[in-house]
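>>> Could you look at this predicted model? Sequence included:
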Amino acid sequence: MRQKAGEWSNPEMYTRNVWFTDKDDNQGLSLRYTGEVFFDVQSPFQRVRILESPKYGKLLTLDDMFMTTEKDEFHYHEMISHPAMFTHGNAKNILVIGGGDGGTVREFLRHEGVEKVTMVEIDGEVIRACKEHLPTIAASFDDPKLNLIVGDGIAFAREAANEEFDLVIVDGSDPVGPAEGLFSVEFYRNCHRILKPGGILVAQGESPKFNEQAFTELNITLQHIFGKENAPISLFYVPTYPTGMWSFQYGLKGSAQPKTISKETEIDQFVSAKGLKYYNSDIHKASFALPNFVKTLVNG
Ligand code: SAM
């Protein structure tokens, strides 16, 4: 169904034929956008832009990569947060590294049992852009349970105390620029150290189709640090990431296995009370089922 022109912020811009492509040397994903640029700042870390797509609404790009859009952000943000929350069962103190758009902390703060979320985002310009132009995503920055720190998440993890957090969430960008160290062995050793017993790490895990090498290397690192059986992978679908198939990779510092969870009623009551649009109890379990080619990538 076509959207009515009057529903857009600047209807005549929507007839323009300008495209933004997120690509590597061999493949990519293009979205038509209006040509209007709402925010364009070269920060010390990256180029931060807000554009608008007829299909996906306003969207955030960092350097030349899509990060999130108004219309499909729920795929990513519900899947980075709720499976870990329900697998853990009693998470109160959460660390989010990256996540400057605010969608991830918004989802964690839907859980009443959460007492504190510390978010460490390196780039204050990402936070500023999203507060100004993506307010439905950057919706929880004023929540009193949020401790927002603008700084390097790698240094924060290095300096944090042992066994401090129930969950550590790495909502980082691709392994270039400031996020490169978010894929290092030393960083994940620190993440393991600062998790309490029973704690769970969830990391933006790249795509087994678009970024096979980064995807596989991250899983090898997590298997090495957390143990082979304690590094499960959750696959989910994001229309605005190249190839559409993306992952969150886990490190479990305890025995709770997300794929065998049996909390269907609790999960689905939460889903319905909060009006979630992607996550439910079936998706929770199904997302940990891997196609054979992915099993081969990570198991050799
Ligand atoms: N949540 C988004 C989505 O829906 O896809 C994508 C994540 S994007 C907001 C990743 C964030 O990680 C960026 O804002 C980037 O500035 C931040 N980041 C990259 N390296 C970092 C580091 N070393 N420490 C903290 N934040 C970092």
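Here it is on my side, so go on. Numbering: from 1, shown residues only.
>>> in the chain, which residue is closest to the centre?
Asp171 (4.4 Å; CA atoms, centre = their mean).
>>> For the ligand, what's the nearest residue on the stretch 201-300 of the chain?
Nearest to the ligand in the stretch 201-300 of the chain, going by CB to the nearest ligand atom, is Gln204, at a distance of 6.5 Å. Just so you know, the C-beta spots here come from the backbone N, C-alpha and C atoms, and that holds for glycine as well.
>>> What's the local residue count around that residue?
25 (other CB atoms under 10 Å).
>>> got it, and Arg47?
13.
>>> quick one: the spatially closest residue to it that is not a sequence neighbour from Ser173, how far?
Of all residues not flanking Arg47 in the chain, Asp63 sits nearest, at 5.4 Å (CB to CB, 6 or more residues apart in numbering). The gap separating Asp63 from Ser173 is 8 Å, by CB to CB, to the nearest Å.
>>> before we move on, what about Gln204?
8 Å.
>>> Give me every residue in the stretch 151-300 of the chain lying close to the ligand.
Counting by CB under 6 Å from any ligand atom, the residues of the stretch 151-300 of the chain lying close to the ligand are Asp152, Gly153, Ile154, Asp171, Gly172, Ser173, Pro178, Ala179, Gly181, Leu182.
>>> now the residues you listed in CSV, with pLDDT and secondary structure?
Below are these laid out as CSV (pLDDT from 0 to 100; DSSP: H, G, I helix; E, B strand; the rest coil):
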residue, pLDDT, secondary structure
Asp152, 97, coil
Gly153, 98, helix
Ile154, 97, helix
Asp171, 98, strand
Gly172, 96, coil
Ser173, 88, coil
Pro178, 87, helix
Ala179, 91, helix
Gly181, 92, helix
Leu182, 95, helix
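>>> Quick one: those residues as CSV, columns for distance to Phe236 too.
Below are those laid out as CSV (distance: CB to CB, whole Å):
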residue, distance to Phe236
Asp152, 27
Gly153, 22
Ile154, 25
Asp171, 14
Gly172, 17
Ser173, 17
Pro178, 24
Ala179, 20
Gly181, 25
Leu182, 19
